[in-house]
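Visitor: Sequence and predicted structure below; questions after.
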Amino acid sequence: MATKYEMFFREADTDNSGFLVLDELITLLRKKGYKEADTKIRSMFRSIDSSGDNKVSLDEYLKAMGQIPDTDHKAAAMRQCFREFDANGDGTIDRSELDNVFKSMGKSFSQAELDKMMAMCDKDKSGSINYEEFIGRVFGC
């Protein structure tokens, strides 16, 4: 059975070459919620590419993934999930979007409960929760 890293690799390998090139990696990392700068990804890619052929094999990729802290993977997964709940795509979740998320899960909260959740996460008191506020709350940062 394929691991989550193998499945990620296969999804990123859009041309089915058995190797990843930098553009394939960046595209899928963005889609999956990773927010590192392209320069950092480029540097990581070069360090993973032990053969120096500007391609990353599955073996090179799996070795590198084992070195990334699990919290980075979790934060990326949270960011991807958060984007899916951001119904209007503005980069934040407001009270109505939060309510809709819970309703889609079969949960219903009162306005007071929603207000409390918003207050717990909305550090800048903007009336909405941005990605970093949400992740900071989940991870205690």
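Guide: It's in. Residues are numbered from 1 along each chain as shown.
Visitor: Tell me which stretches of the chain form helices.
Guide: Here the chain has its helices, by DSSP state H, at 4-12, 22-31, 38-48, 58-65, 70-85, 95-104, 111-121, 131-139.
Visitor: can you put the ones you listed in JSON lines and add mean pLDDT and mean neighbour count?
Guide: For glycine as for every other residue, the C-beta is placed from the backbone atoms N, C-alpha and C. Compiled in JSON lines, the helices of the chain are given as follows (pLDDT from 0 to 100; neighbours: other C-beta atoms under 10 Å):
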{"stretch": "helix 4-12", "mean pLDDT": "88", "mean neighbour count": "16"}
{"stretch": "helix 22-31", "mean pLDDT": "87", "mean neighbour count": "16"}
{"stretch": "helix 38-48", "mean pLDDT": "86", "mean neighbour count": "14"}
{"stretch": "helix 58-65", "mean pLDDT": "84", "mean neighbour count": "16"}
{"stretch": "helix 70-85", "mean pLDDT": "76", "mean neighbour count": "14"}
{"stretch": "helix 95-104", "mean pLDDT": "88", "mean neighbour count": "15"}
{"stretch": "helix 111-121", "mean pLDDT": "89", "mean neighbour count": "13"}
{"stretch": "helix 131-139", "mean pLDDT": "74", "mean neighbour count": "16"}
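Visitor: What's the separation between Ser57 and Asp90?
Guide: Computed with C-beta to C-beta, to the nearest Å, the distance linking Ser57 and Asp90 is 39 Å.
Visitor: Neighbour count: these two, which is higher?
Guide: A side-by-side neighbour count of Ser57 and Asp90, using other C-beta atoms under 10 Å, places Ser57 first with 17 against 11.
Visitor: these two touch, right, Gln80 and Lys32?
Guide: Yes: using C-beta atoms under 8 Å, Gln80 and Lys32 qualify as a contacting pair, with a distance of 5.5 Å.
Visitor: Give me the domain ranges for this structure.
Guide: Here the domain parsing of the chain from automatic domain parsing is 4-68, 72-139.
Visitor: Now find how far off-centre the first one is within its chain.
Guide: The gap between where domain 4-68 is centred and where its chain is centred comes out at 15 Å by C-alpha atoms, centre = their mean, to the nearest Å.
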